[in-house]
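show me the folded form of this:
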Amino acid sequence: MSVGLFIPCYVDQLYPNVGIATVRVLESLGVAHDFPVTQTCCGQPMANTGCFEDAVPLAKRFVEIFSQYEYVVAPSGSCVAMVRHHFDQLIPDTPGLAEVKAKTFELCEFIHDVVKPDSLTVAFDKQVGLHQSCHGLRELRLGTCSERMCDGDDKIRNVLNKVNGIRFSELKRSDECCGFGGTFAVTEDAVSVMMGEDRLRDHLDAGTEVLTAGDMSCLMHLEGIIKRHKYPIDVMHVSEILAGDL
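As a prediction, the model looks like this:
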């Protein structure tokens with residue numbers, strides 16, 4: 001298969017180790033991939049802030065660049081949700097849009113639904129608290145939401161279950177928002193921080209040693225609170241665990 005790797009802006013600029021880990025994961029699964037160097041932002045920050053006209057050329061550029069691949073994979077549920085659920089509003093008549101939407105996957109979703117490995121060759125002997133980001137849950141349906149009261153695959157946890165030695169924290173509120181919400185963390189910082197502290201209290205009570213998620217943006221927000229309070233929790237993107245980093 002031919003895979004185009006899309007690396008979100010904040011990963012590229014702030015957490016390049018997550019991009020490197022994603023490459024290592026794909027390589028370990030035997031997935032041939034390409035990183036088109038002409039790629040830019042998907043336009044999510046602009047669209048979330050209401051600057052829709054500024055997001056349009058970025059969305060069109062994304063479709064133009066990634067149309068050539070059989071699959072598009074990104075280590076970010078929110079960016080994938082932007083492509084699959086919001087490009088229609090920005091660039092409805094763009095040639096190739098429907099095809100790009102259908103073949104764009106979050107990393108764990110791609111592993112779970114497309115690659116479908118029987119096992120993974122990595123080990124991670126830590127108790128992991130999985131944070132389910134809102135975009136991944138409520139737009140990509142990577143897990144089950146308590147408000148829907150129905151069963152479904154928890155795709156990120158299912159993939160992590162294939163990691164040798166991993167243990168999971170059992171949370172009281174497994175699908176609660178961390179409070180980041182992009183620019184919400186700037187415009188409503190007090191509420192955002194309170195939500196993050198509530199989320200982390202659940203992890204502390206459950207004995208989480210390593211906090212992970214499919215979105216580094218959520219983890220960035222929670223890590224800031226962890227460092228401020230000196231909580232005994234490490235933060236790792238799910239790709240870093242799947243790459244066998246310790």
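
ok, the closest residue to M195 other than its chain neighbours - contacts?
Once flanking residues are discounted, M195 sits nearest to G179: 2.7 Å by C-beta to C-beta, 6 or more residues apart in numbering. (Each C-beta comes from the backbone N, C-alpha and C, glycine too.) Contact partners of G179, counting by C-beta atoms under 8 Å, 6 or more residues apart in numbering, are 185, 191-196, 198-199, 221.

now Q132
Counting by C-beta under 8 Å, 6+ apart, Q132 makes contact with 142-143, 156, 174-175, 213.

which SS class is Q39?
Put simply, Q39 is coil when judged by DSSP: H, G, I helix; E, B strand; the rest coil.

what number of residues lie near it?
Neighbour count for Q39, taken as other C-beta atoms under 10 Å: 17.

tell me, what's the model's pLDDT at it?
Looking at Q39, its pLDDT is 96.

list the helices and strands the lengthiest helix in the chain packs on?
Counting residues, the longest helix in the chain under DSSP state H turns out to be helix 189-206. On a contact count with 3 or more C-beta pairs under 8 Å, 6 or more residues apart in numbering; DSSP states H and E, helix 189-206 meets strand 127-131, helix 184-187, helix 216-229.

selecting buried members of the contacts of G179 in PyMOL, what would you type?
Here is the PyMOL command that selects the buried residues among the contacts of G179 (16 or more other C-beta atoms under 10 Å):
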select buried, resi 185+192+193+195+196+199+221
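
of the contacts of G179, the lowest pLDDT goes to which?
For the contacts of G179, the pLDDT minimum is A185, 75.
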